[in-house]
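K.L.:
requesting a structural model of the entry that follows:
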Amino acid sequence: MSTPVWRIVAEREVSTRLRDKTFVGATIFTMLFLVGFFVVISVVDGGAEEYDVAITQPADTRILDVAQASLRSTGSEDAEITAADAVDADAAEALVRDGDVDAALLPTGGGYEIVGDEGIGASLRAALASAVASQALTANAAEQDVDLDALNADTQVGQRLLDPNAEESSARSGVAFAFALVFFITALGFGMTIAQSVAREKESRVVEILAAAVPIRALLWGKIIGNTALALGQVLLFVTIGLVGLAVTGRGELLAGISWAVAWYVAFFVLGFVALAALWSVAGALASRQEDLQSTTLPGQLILIVPYFVSTLASDKVQAVVSVLPIVSTMVMPGRMAQGEVPWWQVAIAVLVTVAAAVAFVRVGSRLYERTLLRTGGRIKYGEAFRLSD
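P.N.:
I've put the predicted structure just below:
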């Protein structure tokens, strides 16, 4: 059985792009950027607070235990303070100076002093100071025969957040923004490449040779399928890195909450990209030279730019209304799903409308592509292309 012509064209599109150093370099750079992003996140907030503190009295380990409990109660659940025994103050200061410990807790005539080298971490300093004060208060109360519980009555300060889910909400908003940005950049980048490829083949008259041996519609389908496969593969690669990054940095709850949104994003991405790929191919066919692409690709750029700004700037109500529209749905609907529940019927309408739009774009694009691909002599306007006969 012979290989379908469109498949040969698609394989040619894929192999050509994979040999393109710019494409490969941009993909690798983006991958490294994503990996670096999650590494930075892991370094900034992924590690537990761990401190080594030198002491000269075994009894002072009690102060360190209280300080550690204080750190853990203020949000650093894995905080740990380890005691380093020193024979005297000079030995403790030597440990600090050599960088073997983060600080030293040394007794003085009127209490304690915290000794650091060039600086002392604010959270460690506050925890040690609070622990020393607490221990001193307990000892003084016992000496004076004072009921410490009565003395501390009504002094507890609690914490209550009006929006306890604000951090997760911000993260989900970031995911929604990433959805829109990735589709915008990918569709625009691949789209311009498709248009340039068609215009270059037309300008060099290569397309006339191809059209003599291959049906024009097969050329179009090959370009659409080949570039869609490349774009989808690239996006799946980036999405995989993102999901692994979320898991590794301890954001399992967020990962579980957006898993369905990610799956729907891939589906909407394919539908939206196929529709636009047909339009970009037509934009290339309308041009007679590379300089014409500035005007022939303008509709495709606007179809991307407007939904992108809607997805990032519009209110929730506006997004709910426009998220069922073709192309807009690719940028907005998965983002809405990442940020909260979306009624199933809205998702169903968005899918049906996007599928219908993709079919319509491809059918209309095929006709315009066939009418204009072999026409030379100057740029063809969209209105003129519609009036041309097949």
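
K.L.:
show the backbone phi and psi for Leu106.
P.N.:
Dihedral pair for Leu106: phi -120, psi 130, per degrees, to the nearest 10.

K.L.:
surely it touches Ala92?
P.N.:
Yes: contact criterion Cβ atoms under 8 Å: Leu106 and Ala92 qualify, at 6.1 Å. Heads up, the C-betas are built off the backbone N, CA and C, glycines and all.

K.L.:
of these two, who's got more company?
P.N.:
Ala92 (23 against 20; other Cβ atoms under 10 Å).

K.L.:
what packs against the helix or strand that contains the more buried one?
P.N.:
Element membership for Ala92 (DSSP states H and E) is helix 89-97. Packed against helix 89-97 by the contact rule (3 or more Cβ pairs under 8 Å, 6 or more residues apart in numbering; DSSP states H and E) you find strand 50-55, strand 103-108, strand 111-115.

K.L.:
pLDDT-wise, which helix or strand of the chain ranks last?
P.N.:
In the chain, the helix or strand scored least confidently by mean pLDDT, DSSP states H and E is helix 148-151, which has a mean of 67.

K.L.:
need the next SSE after that one, C-terminal direction.
P.N.:
As assigned by DSSP H and E, the chain's next helix or strand after helix 148-151 is helix 166-203.

K.L.:
what angle separates the helix or strand just after that next one from helix 166-203?
P.N.:
Sequence order places helix 206-213 as the next helix or strand after helix 166-203, per DSSP H and E. Interaxial angle, helix 206-213 versus helix 166-203 (axes from the mean of the first three to the mean of the last three Cα atoms, to 10 degrees): 80 degrees.

K.L.:
and the next helix or strand past helix 206-213?
P.N.:
Downstream of helix 206-213, the first helix or strand assigned by DSSP H and E is helix 216-248.

K.L.:
what mean pLDDT does that next one have?
P.N.:
The average of the pLDDT scores along helix 216-248 is 90.

K.L.:
give the buried residues for it.
P.N.:
216, 218-232, 234-235, 238-239, 241-242, 245-246 (16 or more other Cβ atoms under 10 Å).

K.L.:
from the contact counts, what lies against it?
P.N.:
helix 5-18, helix 21-45, helix 166-203, helix 206-213, helix 252-286, helix 344-372.

K.L.:
and the angle for the fifth one with helix 344-372?
P.N.:
If I follow you right, that is helix 252-286. Using the same axes, to 10 degrees: helix 252-286 against helix 344-372 is 20 degrees.

K.L.:
please apply the same query to the third one.
P.N.:
Orientation note: helix 166-203 sits at an angle of 10 degrees relative to helix 344-372 (the same axes, to 10 degrees).

K.L.:
the closest residue to Ile349 other than its chain neighbours: which element?
P.N.:
Excluding the flanking residues, the one nearest Ile349 by Cβ to Cβ, 6 or more residues apart in numbering is Val324, at 4.7 Å. Take DSSP H and E as the rule and Val324 turns out to sit in neither a helix nor a strand.
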